[in-house]
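Trainee: when you get a sec, could you give me coordinates for this:
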Amino acid sequence: MSNLVDGPEIECPSTPSTDPHVQILTARDVPLGGPRAMLVRRTLPQRARSLIGAWCFADHYGPADVRDTGGMNVPPHPHTGLQTVSWLFSGEIEHRDSFGVHAMVRPGEVNLMTAGYGICHSEVSTPETTELHGVQLWVALPADARDTERGFDHHVPEPVYVDVGRINVFIGTLMGSTSPVKTFSPLLGAQIDLDMGATLTIPVDPTFEHGILVDQGTVSVDGAEVARAEMAYAGTGHSQLTLQSSDDQPSRVILLGGTPFGEDLVMWWNFVGRSHDEIVTYREQWEQQSDRFGEVAGYQGPVTRLPAPALPNAKIKPRTQQ
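Mentor: Numbers count the residues shown, from 1 in each chain. Model prediction:
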């Protein structure tokens, strides 16, 4: 998914919680382009927190009736220095990229695209899709891997059933389930479905920081109440996390985790770099149709490629590690 916002990130204030070790992050609505734009809820990045491990971008959207919104139609657009992770709850999205991949994103199946040195891709919801609902996530690549070659991974995780629900691990390892999808830093990504009124204690890596994004219901995370579309942040040092769903409906969350990234990043539009000058170069190369990004074959839409927005007047500063 492209970041179609061409301005600076808007501050999304965090909310105090009953647990001093849990921070509640609120999202802001961002239109996904076009006159009948589908809104997405953006939790990362924001001023309160830029990263959770190497997770640097989190959009949460739907359930949206695409007959009203027009669905998703994102023309070919570039990326550098990151991996995109697509995970759906409902609907279907057609993916095409300059690595030559033509694939479908479907519920319960993870698609991970590695941009590395440079890639471009398009994303279009299929004509059969009536409801679109899911998350789009980005992972920042560490310095020693940020110029790696383009790549693509697809995986259908086998659910792990527990007494009070179900877990689908799409990145990393949790509850005895390991995803084979390749990442370049220690990461965790999983969907957790909980029965109504259920409590689940999950063993987690204490070297990881974690984010718990609530998609459905209201969930307590270690005693802190997290509403739908909010994300709870728990720093390193937790060897377990306790999730409790409300008594009135089942709950669904996305659990993200990773070791603190420890590198300064410059993020602008769809690029992840290390300096303002790098971002300027990436933008110029995209506008000049450089081989760095390649071409997407088979996309049919209103424009052949998404133009880059104008650069800000000020120098783009690195994101802080909080």
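Trainee: secondary structure class for Y282?
Mentor: Secondary structure, DSSP: H, G, I helix; E, B strand; the rest coil: Y282 is helix.
Trainee: tell me if I'm right that K182 and G151 touch.
Mentor: Yes. With contact defined as Cβ atoms under 8 Å, K182 counts as touching G151 (7.4 Å). Glycine gets a C-beta too; all of them are placed from N, C-alpha and C.
Trainee: of the two, which one has the most company?
Mentor: G151 (16 against 11; other Cβ atoms under 10 Å).
Trainee: okay, now the closest residue to that one other than its chain neighbours: neighbour count?
Mentor: Leaving aside its sequence neighbours, G151 sits nearest to T114 (Cβ to Cβ, 6 or more residues apart in numbering; 3.7 Å). Neighbour count of T114, defined by other Cβ under 10 Å: 23.
Trainee: also Y299?
Mentor: 22.
Trainee: list the contacts of it.
Mentor: 75-76, 96, 122, 124 (Cβ atoms under 8 Å, 6 or more residues apart in numbering).
Trainee: name the element the residue nearest to A143 when sequence neighbours are not counted belongs to?
Mentor: Excluding the flanking residues, the one nearest A143 by Cβ to Cβ, 6+ apart is E263, at 6.1 Å. Using DSSP states H and E, E263 maps to neither a helix nor a strand.
Trainee: ok now do E263, which residues does it touch?
Mentor: For E263, the contact set (Cβ under 8 Å, 6+ apart) comprises 140, 142-143, 274.
Trainee: out of the residues you listed, which comes closest to I171?
Mentor: A140 (13.8 Å; Cβ to Cβ).
Trainee: quick one: the closest one and F261 touch, right?
Mentor: Yes. The pair A140 / F261 is scored as a contact, 6.4 Å apart, by Cβ under 8 Å.
Trainee: count the residues that sit near D195.
Mentor: D195 is flanked by 16 other residues according to other Cβ under 10 Å.
Trainee: residues contacting it?
Mentor: Contacts of D195 (Cβ under 8 Å, 6+ apart): 164-165, 245, 250.
Trainee: for those, which one is nearest H133?
Mentor: Nearest member of the contacts of D195 to H133, counting by Cβ to Cβ, is P250, at 15.1 Å.
Trainee: host element of the residue nearest to that closest one when sequence neighbours are not counted?
Mentor: Computed as Cβ to Cβ, 6+ apart, the closest residue to P250 that is not its neighbour in sequence is M196, at 5.1 Å. Using DSSP H and E, M196 maps to neither a helix nor a strand.
Trainee: what about M196, distance to L188?
Mentor: According to Cβ to Cβ, to the nearest Å, M196 and L188 sit 25 Å apart.
Trainee: try F261
Mentor: For F261 relative to L188 (Cβ to Cβ), the value is 14 Å.
Trainee: so what's in contact with those two at the same time?
Mentor: Counting by Cβ under 8 Å, 6+ apart, the contacts common to F261 and L188 are G53.
Trainee: more neighbours, the two?
Mentor: Counted by other Cβ under 10 Å, F261 and L188 do not tie: L188 has more neighbours, with 24 against 21.
Trainee: neighbouring contacts of the helix or strand that contains the more buried one?
Mentor: Using DSSP H and E, L188 falls within strand 187-194. With Cβ under 8 Å, 6+ apart as the test, strand 187-194 has contacts from 53-55, 85, 87, 110, 137, 139, 164-174, 179, 200, 202, 204-205, 208, 210, 217, 219, 243, 245, 250-258.
Trainee: picking that back up, for K182 and G151, list the residues in contact with both.
Mentor: By Cβ under 8 Å, 6+ apart, the residues touching both K182 and G151 are T114.
Trainee: can I get the contacts of E263 in a markdown table with distance to G118 and pLDDT?
Mentor: A markdown table is the format used below for those (distance: Cβ to Cβ, whole Å; pLDDT from 0 to 100):
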| residue | distance to G118 | pLDDT |
| --- | --- | --- |
| A140 | 15 | 98 |
| P142 | 17 | 98 |
| A143 | 16 | 96 |
| R274 | 15 | 96 |
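Trainee: tell me the spacing between V101 and H133.
Mentor: 23 Å.
Trainee: residue boundaries of the helices in this protein?
Mentor: 66-69, 276-287 (DSSP state H).
Trainee: which stretch in the ones you listed is the model least sure about?
Mentor: Confidence, taken as mean pLDDT, is least for helix 66-69 of these (a mean of 77).
Trainee: thinking again about what came up before, the strand holding L188 pairs with which strands, and in what direction?
Mentor: strand 165-171 (antiparallel), strand 251-258 (antiparallel) (DSSP bridges).
Trainee: would you check that D59 makes contact with L39?
Mentor: No. In this structure, D59 is not within contact of L39 by Cβ under 8 Å, at 10.0 Å.
Trainee: overlap in contacts, those two.
Mentor: Common neighbours of D59 and L39 (Cβ under 8 Å, 6+ apart) are V30.
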